[in-house]
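> give me coordinates for this.
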Amino acid sequence: MISYNLENALKEPKQVTSLVLYRRSLSDWPESLFQFPNLEHLELDQCGITHLDERLSLLPLQTLKLPRNEITALPSWLGRLSQLTHLDLSQNRIASWPEESTPPSLVTANLSDNRFHRLPDDLLTQIVTLDLNRNPLSRMNWPILLSQLRELHLDRSPAAATQLLNCSAPQMTNLSVTRSKIVALPDDWLSYMPNLITLNLTGNGLSTWPTIWPSRTLPLERLILAKNHFSRLPEGWECAARLRDLDLSGNQLNTLPHSFASLNQLIRIDLSGNPILEIPSAWADLPGLKSLDIRKTKIDSLPAGT
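Numbering: from 1, shown residues only. Alright, predicted model coming up:
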């Protein structure tokens, strides 16, 4: 049973498996929070919490969400939450993650909007989904192989983003590295993360795209390169034949690769805010194209059939 009211939940404590409370004053962790022997999901949003209570380790928690609180440190006993798979500590004030604090079953962590400078290897090598948006990460030391990571979000973390470019993440399907001052990608970088489906590199300083394409077709479906410094892109886009959504807005592109015409699954293209003069005539043959944004460009006509 899920409950959104503590008083009602206490009437049938053994039936409660999920407790969600919002804007309650719970900074002292009242005894009433620990009366639920079968509690699997606990969410305390904006409840004035300043620390984690060790009694949490006695509950069979699988999901623990404590966003928008005042937590400043993580205890070592957090690693004793053996069943915990999902953790949300976003919008707190945490600066470090002790080595022994990683729950052994943890696969998803939202640590955005904290003060982390680095994270331990035991967390980075087991985590599947990780949100690190808006952390300083000035001393981040990524393992060279991120064997389990499938989804990663980095925003405004230049040092961590630069080092990440040298890591291999064979399972990664969703990568977002935005506003992190990346100016170049390694030429063979696409081979480091061969299973990417969504890639967002908005707001960096990129002016070149890797010229070495993998030998097989990439599974990439969504590519966002908005607000960079591209003036041209290389050929070879036949390797991205599954691409459906392409955002190139806010660059300095004045021409487009001829190989874009081979992207037969494209549904949406955003070229707005580029000094492009014309659309290649071959684009008229793109069968699935439904949205073409050419606002704030120099294009004054489209190929017949586009």
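> what helices or strands is the helix-or-strand element of the chain with minimal mean pLDDT leaning on?
When the helices and strands of the chain are scored by mean pLDDT, DSSP states H and E, helix 6-9 comes last with a mean of 91. Contacts of helix 6-9 with other secondary structure elements, assessed using 3 or more C-beta pairs under 8 Å, 6 or more residues apart in numbering; DSSP states H and E, are made with strand 18-22. For the C-beta atoms, the positions are set from N, CA and C on the backbone; glycine is no exception.
> residues in contact with the helix or strand following the strand it packs on?
Where DSSP states H and E defines the elements, the next helix or strand beyond strand 18-22 is strand 41-45. Counting contacts by C-beta atoms under 8 Å, 6 or more residues apart in numbering, the residues outside strand 41-45 that touch it are 2, 17-24, 26, 33, 56, 59, 61-69, 88.
> residue 117 is in contact with residue 141, correct?
No. Contact status for residue 141 versus residue 117: not in contact, 10.3 Å apart, counting by C-beta atoms under 8 Å.
> related to what we said a few turns ago, just the buried residues out of the contacts of strand 41-45, in PyMOL syntax.
A single PyMOL command is used to select the members of the contacts of strand 41-45 judged buried by 16 or more other C-beta atoms under 10 Å:
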select buried, resi 18+19+21+24+26+33+56+59+61+62+63+64+65+66+67+68+69+88
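> residue 193: neighbour count?
For residue 193, the tally of surrounding residues (other C-beta atoms under 10 Å) stands at 22.
> can you check residue 161 too?
21.
> tell me which element it is part of?
Secondary-structure assignment from DSSP H and E places residue 161 in helix 158-164.
> would you put the C-alpha positions of that helix in PDB?
Backbone C-alpha positions of helix 158-164 (Å, rounded to 0.1, in the frame of the first residue of the first chain) are rendered in PDB as follows:
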ATOM      1  CA  PRO A 158      34.300  20.800 -17.400                       C
ATOM      2  CA  ALA A 159      37.000  18.800 -15.600                       C
ATOM      3  CA  ALA A 160      34.800  15.700 -15.300                       C
ATOM      4  CA  ALA A 161      33.600  16.000 -18.900                       C
ATOM      5  CA  THR A 162      37.100  16.300 -20.400                       C
ATOM      6  CA  GLN A 163      38.300  13.100 -18.600                       C
ATOM      7  CA  LEU A 164      35.100  11.200 -19.500                       C
END
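> flag every buried residue along that helix.
For helix 158-164, the buried set under the neighbour-count rule, 16+ other C-beta under 10 Å, comprises 158, 159, 160, 161, 162, 164.
> now tabulate those in JSON lines and tack on distance to residue 98 and pLDDT.
Shown next, in JSON lines, are these (distance: C-beta to C-beta, whole Å; pLDDT from 0 to 100):
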{"residue": "158", "distance to residue 98": "25", "pLDDT": "94"}
{"residue": "159", "distance to residue 98": "21", "pLDDT": "92"}
{"residue": "160", "distance to residue 98": "19", "pLDDT": "95"}
{"residue": "161", "distance to residue 98": "24", "pLDDT": "95"}
{"residue": "162", "distance to residue 98": "26", "pLDDT": "91"}
{"residue": "164", "distance to residue 98": "23", "pLDDT": "94"}
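> now those in a markdown table, with distance to residue 188?
What follows is those, written out as a markdown table (distance: C-beta to C-beta, whole Å):
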| residue | distance to residue 188 |
| --- | --- |
| 158 | 22 |
| 159 | 22 |
| 160 | 21 |
| 161 | 18 |
| 162 | 17 |
| 164 | 15 |
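> of all these, which comes closest to residue 109?
Nearest to residue 109 among the buried residues of helix 158-164: residue 160, at 15.0 Å, using C-beta to C-beta.
> quick one: that closest one from residue 124, how far?
Using C-beta to C-beta, to the nearest Å, we find residue 160 at a distance of 11 Å from residue 124.
> my read: residue 87 touches residue 102, true?
No. With contact defined as C-beta under 8 Å, residue 87 does not count as touching residue 102 (9.8 Å).
> ok, residue 239 - contacts?
Applying C-beta under 8 Å, 6+ apart, we find residue 239 in contact with 213, 214, 216, 217, 218.
> at 10 Å what do you get?
Contact analysis of residue 239 by C-beta atoms under 10 Å, 6 or more residues apart in numbering lists 190, 213, 214, 215, 216, 217, 218, 220, 259, 262.
> out of the residues you listed, which end up buried?
For the contacts of residue 239, a burial check counting by 16+ other C-beta under 10 Å picks out 190, 213, 218, 220, 259, 262.
> report the central residue of the chain.
Averaging the C-alpha coordinates of the chain gives a centre point, and the residue nearest to it by C-alpha atoms, centre = their mean is residue 153 (2.6 Å).
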